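Enquirer: Here you go, sequence then predicted model.
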Amino acid sequence: MSAKAVTFGIAIALSLAAVAGWAETDACDGGGLAVTAPETALAERVCSVAVAARERMAACDLRQSQPISIIIQKGVVVDAFECLGAFHCDTNEIELIHPQALAENVPASRTYAGLSPMAVFDSLVVHEMAHALLEQTLGEREVGVAAHEYVAYAMQLSSLSPEDRAIFTAQYSAQASGTSDGLNAIVMMFAPGAFATSAWMHFTEPGNGCAFVEDLIEGRAILDLPPL
């Protein structure tokens with residue numbers, strides 16, 4: 001790994017709930033993952049989701065090379081922005097908002113409107129695991145933020161149930177495209193739901209999927225702004 005200090009987070013306006021301050025760390029089965037959370041049941045749930053995500057992502061050649069810590073807390077703040085989750089590549093730490101705080105925000109969040117808080121929470125675990133595994137797979141190489149978010153959102157949406165995925169993508173289908181035209185950092189910043197839906201549509205196109213993820217990893221494909 002390089003000495004990059006990059007954080008990939010999912011920003012949203014939050015009203016942070018009060019969550020118990022104590023926490024303990026549990027190692028996940030299979031090694032390489034540890035979860036710090038206020039409740040043992042929550043730590044076990046996060047372990048289960050994270051381990052399953054790691055196994056699925058191996059099919060796209062996204063592989064873990066260093067231990068990853070997942071920390072559940074009442075709020076996640078990155079560069080003064082309140083976030084649902086974040087991955088810090090310099091420390092291999094994932095921070096996620098506690099489901100109790102998340103539950104107060106999901107109903108008011110347009111991005112995840114119609115989804116249950118726990119479905120959103122589980123998908124956030126997958127999203128940040130994708131960032132972590134992509135960064136570890138890249139090693140000294142780098143890809144742009146759009147490529148990072150493409151992989152994270154493709155994996156996140158693939159983890160949703162077909163019913164929840166249909167609810168999510170229906171909100172943005174008019175803005176989304178199955179081509180790479182809308183897969184750039186500008187769309188990702190200002191219309192993350194549309195970007196996520198476009199990423200999913202592109203990922204599921206014949207010939208794309210894990211093959212395209214591997215092209216991003218190897219530098220054969222680049223997601224950037226279209227030429228002027």
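Expert: Here it is on my side, so go on.
Enquirer: make it CA atoms for all contacts and neighbour counts henceforth
Expert: Fine.
Enquirer: does Leu96 really touch Gly85, like I thought?
Expert: Yes: with contact defined as C-alpha atoms under 8 Å, Leu96 counts as touching Gly85 (4.2 Å).
Enquirer: Name the residues of the longest strand anywhere in the chain that are buried.
Expert: When the chain is parsed with DSSP state E, its longest strand is strand 81-88. Using 16 or more other C-alpha atoms under 10 Å as the test for burial, strand 81-88 gives Glu82, Cys83, Leu84, Gly85, Ala86, Phe87, His88.
Enquirer: partners of it, with directions?
Expert: Strand pairing for strand 81-88, determined by DSSP bridges: strand 7-11 (antiparallel), strand 76-78 (antiparallel), strand 93-97 (antiparallel).
Enquirer: weakest of these by average pLDDT?
Expert: Note on the strands paired with strand 81-88: strand 7-11 shows the lowest mean pLDDT, a mean of 62.
Enquirer: ok so, going back, okay, and the common contacts of Leu96 and Gly85?
Expert: Common contact partners of Leu96 and Gly85 (C-alpha atoms under 8 Å, 6 or more residues apart in numbering): Val76, Leu124.
Enquirer: Who is Cys83 paired with across the strands?
Expert: Beta-bridge partners for Cys83, by DSSP bridges, are Ala11, Val76.
Enquirer: For it, give its distance to Glu95.
Expert: With distances taken as C-alpha to C-alpha, to the nearest Å, Cys83 is found 9 Å from Glu95.
Enquirer: can you check Gly139 too?
Expert: Look at Gly139 and Glu95: by C-alpha to C-alpha, they are 21 Å apart.
Enquirer: Compare these two and say which is more crowded by neighbours.
Expert: Glu95 (25 against 11; other C-alpha atoms under 10 Å).
Enquirer: Okay, and the beta partners of that one?
Expert: Beta-bridge partners, per DSSP bridges, of Glu95: Ile71, Ala86.
Enquirer: which residues touch it?
Expert: Shown in contact with Glu95 (C-alpha under 8 Å, 6+ apart): Ile70, Ile71, Ile72, Gln73, Val76, Gly85, Ala86, Phe87.
Enquirer: Backbone dihedrals for the fourth one, please?
Expert: When quoted as degrees, to the nearest 10, the phi and psi of Gln73 stand at phi -150, psi 170.
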